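Output the structure for:
(3 chains)
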Amino acid sequence: MYLAETKMIDLIKQQFLYKVKANLGFFFSLLAVQSFALLLSVNGIMGMGTGGPYLSINVNAYSNDLIIIFTMVWAFTIAVTLTTKEYRNYDFTFVSNRLTSNLSNILYLGSLALFSSVTAVLTGILLRVILFFSKSDTILSEYYFYISPYELILSIFVITLYILLLSSIGYLAGTIVQLYKPLSVILPVITIGLLIVEGRRLGKISAYEFFVQEPSLFLFTIKTLLVSSILFGCVYLLSNRMEVRK
Amino acid sequence: MIECKDLTKTYGKVKALSNVTYEIKENTITGLIGRNGAGKTTLLKTIAGFYHPSSGEIMVLKENPFNSMKVAANMIFIDDQMKFPPALNLSDILSSAKGFYVNWNEELANRLFQYFGFRPKQSHQKLSKGMKSTFNMIIGLSARCPLTIFDEPTTGMDAAVRKDFYRALLKDYIQYPRTIILSSHLLNEIEDLLENVLLINQGKIQLHMSVSDLREYAIGIRGNENLVENQLIDKEVLYKESIGKDSLYAVIKHDAGEFSVEKLKIKGIEVTSVSTNDLCVYLTSNEKGAIDDVFS
Amino acid sequence: MATLGFLPIMIILFIVVGLFFLQRFSHHRGVRFLFSGYLIILLISLITFYLLPDNRLSKINPFTSSINDDVEINKFYEKAIRGQIEQLEDVKVREKWEFEISGDQLKVSEPEEFYTTYLFERKEENDHKVEIFHYASESLVDLLELKDKHNFTISLEDNVLRMKGPDPIQIKIAAFKKDFVINQFSSSKSNDNYLNSFGHLEGNQVIYIRVPKDIEISSPHYIQYVGEE
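Just a heads-up that it's a prediction; the model follows:
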């Protein structure tokens, strides 16, 4: 009898490929979410009129903020979905242990983060192109239209990090809820409650300050990667004792 | 291959397995027999490393199976609860499985796939219960894992497919020996297939022996109530049932040499062998009275 | 913005429902084509974007343009009333008129929709000349080279000064905000309140009317003289 000596890295690769194939539906939902956001954004998110009797200025604001936010929420949802019993069991149908299952999930979430970030930013470009051709009577401010390749890549990079962070939060929250079902109600309530209390008492939210107000790209990268790694690590510790295929 | 020592698994206050100790040797086919809720699935899933034992020790391939890469890579667990992503059709599932199992026999998989009349584009979710079991069985056989576990593999299969499955299992086992554990609540259909039987009852191992030993384990005696009762003194009675007015049928543990079949015959007591299936039912019945007592 | 709170919940619902249906159909070929089509469109738009002709893109940047900001709007009128308007940078005479006047009376007639401030200044002598200057700070009108279409009409006949403002011009601007995620790394907080920053692009203007020393002015409105606080 020949005993298989599977290397962990090969198994993770195999599981990753399996997940890509098995979860093509995620990509379609991404498409749906981003198209929906594009549709909502195409008429502008805000308008402002100003000026006097002789000269009136109407500024219409466009942005792909909505597309980015939708994509972030999507990624969070996907991360939670991956922790459900059904999706965990898909892993353990074939060769898997808790470590490889988590690592391949993290790899998968990371790839989704990059992919969804690229498509979100490109959807923003598509919105600009639509704007260019559809609003022929409108002046386009170059400063508020053009995006340099550097800004494009920076945007993709930063959104990827944000999505990775949100994915790790979703992945941890999902795992905790799977372990202790009643927390599915308590956890969101506590989170939102804490945010409100902190916001009221201190007039600021420390998580917001920690990430969103970090002006250094380098520090931001370190912070997001570190925090996501810690959260993913917590998932591993939690799921290490978890029984599967129940 | 598998060594179990004092293995106990509890869910809350319920003991699903209590102090289970046994050993399963390499390249054997073992039948895990027990009634519903006896702890078969719990035992198998503990072997597979899906569940964590509450106490005691389990070693598979000389490793603790929980989180063991070695066990995961060399084990396949087939049951009717197997879940596949809905996005994958049957042929996708087979090609995915091929990537996971180094010993995967594609030819066997394809042949069985065609023989049982599956179509590549079918969705696993839409298969009937029996078809699902059949498909899962194809995966289990083709994976050719050193440790192959089938938990109630024939759920929903009709008699013809069950027969085909057992034949296929045996043929492939001969061609490619491996350790197979097959759980069922019925022994008669798989008796010819098995080398060993592990009988489990209420979380405890009732007996663990080869099938040939099991066939000799007990005998049935039938005759006049008083005569039979006389014979039962000092014997381990496994089952007792009144037949007709004053006739009694009893199953007793067979201790070789102690009594002569000839002597009994002279006394007018009929001696019969007990089918292994019935024996298992007797061994695992709760009380010595069975269903009749409910109505008396 | 209050509705934004419900947005994530809406999105999650939308995604969950979407996932449920899409999982069922995702092995359909059509859906795969749809998805590839989406990716191709994104790629094409990326290429198109960098090939767009830039003649439609205006160089207007409310943050780097020299157009006065809010503080200087007040300064503009302050200086104008003191007669020191020419001290301001970016303020130029856009139009100029000169009329001969006989007699000692000047009647001002303005249509109801005349909104520009006008100031009178008496000259040192009686030269029978009315000089009118239209001062304007730099505005969108300059940037977009619309000066020719944005003229005042001023005439003086029979001692009646008639003033009419330019025909209204409407300017539409589309501004595409930078992605909010990169804003935290740029030193210019250009995304904050960026819409209002377009507001002062309207610019400021004032009309100076220099009249002979002893002329009597009558107007339906209060007569504001330069240097008179």
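
which one is C:Glu131 nearest to, not counting chain neighbours?
Using C-beta to C-beta, 6 or more residues apart in numbering or on different chains and skipping residues adjacent in sequence, the residue nearest C:Glu131 is C:Arg210, 4.3 Å away. (C-beta placed from N, C-alpha, C; glycine too.)

And the contacts of the helix or strand harbouring A:Lys21?
For A:Lys21, the element it lies in under DSSP states H and E is helix A:8-22. Helix A:8-22 is contacted by residues A:90-91, A:94-96, A:99-101, A:103-105, A:107-108, A:111, B:69, B:72-73, B:84-85, B:87-88, B:92, B:96, B:99-100 when judged by C-beta atoms under 8 Å, 6 or more residues apart in numbering or on different chains.

Give the buried subset of those as a PyMOL selection command.
Command for PyMOL, covering only those of the contacts of helix A:8-22 found buried under the criterion 16 or more other C-beta atoms under 10 Å in any protein chain shown:
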select buried, (chain A and resi 90+91+94+95+96+99+100+101+103+104+105+108) or (chain B and resi 69+72+73+84+85+87+88+92+96+99+100)
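
filter the contacts of helix A:8-22 down to the ones close to chain C.
B:Pro85, B:Ala87, B:Leu88, B:Asp92 (C-beta under 8 Å from any C-beta of the partner chain).

List the contacts of the residue nearest to C:Lys177 when sequence neighbours are not counted.
With sequence-adjacent residues excluded and distances taken as C-beta to C-beta, 6+ apart, C:Lys177 is closest to A:Ser63, at 3.8 Å. Taking C-beta under 8 Å, 6+ apart, we find A:Ser63 in contact with A:Ser41, A:Ile45, A:Gly124, C:Phe176, C:Lys177, C:Lys178, C:Asp179, C:Phe180.

ok, 7 Å please
Residues counted as contacts of A:Ser63 (C-beta atoms under 7 Å, 6 or more residues apart in numbering or on different chains) are A:Ile45, C:Phe176, C:Lys177.

Give me the pLDDT for C:Asn68.
Confidence at C:Asn68, expressed as pLDDT, is 48.

In chain B, where is pLDDT below threshold?
B:256-260, B:286-294, B:296 (pLDDT under 70).

What residue in it comes nearest to chain A?
Residue of chain B nearest chain A, by C-beta to the nearest C-beta: B:Pro85 (3.4 Å).

what are the phi and psi angles of that residue?
Phi and psi for B:Pro85, reported as degrees, to the nearest 10, are phi -60, psi 130.

Likewise for C:Glu98?
Dihedral angles (degrees, to the nearest 10) for C:Glu98: phi -140, psi 130.

correct me, but it touches C:Phe133?
No - using C-beta atoms under 7 Å, C:Glu98 makes no contact with C:Phe133, being 9.9 Å away.

Who has more neighbours out of the two?
Shown here are C:Glu98 and C:Phe133; by other C-beta atoms under 10 Å in any protein chain shown, C:Phe133 has more neighbours (19 against 11).

Next step: the contacts of helix A:8-22 restricted to strands.
When the contacts of helix A:8-22 are checked against strands (DSSP state E), there are no matches.

Can you flag which of the contacts of helix A:8-22 belong to helices?
Judged by DSSP state H, the subset of the contacts of helix A:8-22 located in helices is A:90-91, A:99-101, A:103-105, A:107-108, A:111, B:69, B:72-73, B:92, B:96, B:99-100.

Now do the strands in chain C.
C:57-58, C:91-100, C:105-109, C:117-122, C:129-137, C:153-157, C:160-164, C:169-176, C:205-211, C:216-218.

I misspoke; the intended subject was chain B.
Using DSSP E, strands in chain B cover B:2-11, B:14-24, B:29-34, B:55-60, B:75-78, B:147-151, B:179-184, B:196-201, B:204-210, B:218-224, B:237-243, B:247-253, B:270-273.

Minimum distance to A:Ser141: which of these has it?
Each of the strands of chain B has some distance to A:Ser141 by C-beta to C-beta; the shortest is strand B:75-78, at 62.7 Å.

Could I get the contacting residues of A:Ala101?
Careful, residue A:101 is Ser; it's not Ala. Taking C-beta under 7 Å, 6+ apart as the test, what A:Ser101 contacts is A:Arg88, A:Asp91.

residue contacts, the closest residue to B:Leu127 other than its chain neighbours?
In space, B:Leu127 comes closest to B:Phe135 once its chain neighbours are excluded; the distance is 6.4 Å by C-beta to C-beta, 6+ apart. Shown in contact with B:Phe135 (C-beta under 7 Å, 6+ apart): B:Leu90, B:Phe118, B:His124, B:Leu127.

Around the second one, count how many other residues there are.
Neighbouring residues of B:Phe118 were enumerated by other C-beta under 10 Å; the total is 18.

repeat for B:Arg222
Counted with other C-beta under 10 Å, B:Arg222 comes out at 17.

and the helix ranked longest in chain C, anywhere near chain A?
As assigned by DSSP H, the longest helix anywhere in chain C is helix C:29-51. Yes - Helix C:29-51 is in contact with chain A by C-beta under 7 Å from any C-beta of the partner chain, via C:Val31, C:Phe35, C:Tyr38, C:Ile41, C:Leu42, C:Ser45, C:Leu46, C:Thr48, C:Phe49.

need these in TSV with pLDDT and distance to A:Phe145, can you?
Output for the residues of helix C:29-51 next to chain A, formatted as TSV (pLDDT from 0 to 100; distance: C-beta to C-beta, whole Å):
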residue	pLDDT	distance to A:Phe145
C:Val31	72	33
C:Phe35	82	28
C:Tyr38	90	23
C:Ile41	93	20
C:Leu42	93	18
C:Ser45	93	14
C:Leu46	93	15
C:Thr48	91	13
C:Phe49	90	10
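
Of those residues, which is the nearest to C:Leu119?
C:Phe49 (49.5 Å).
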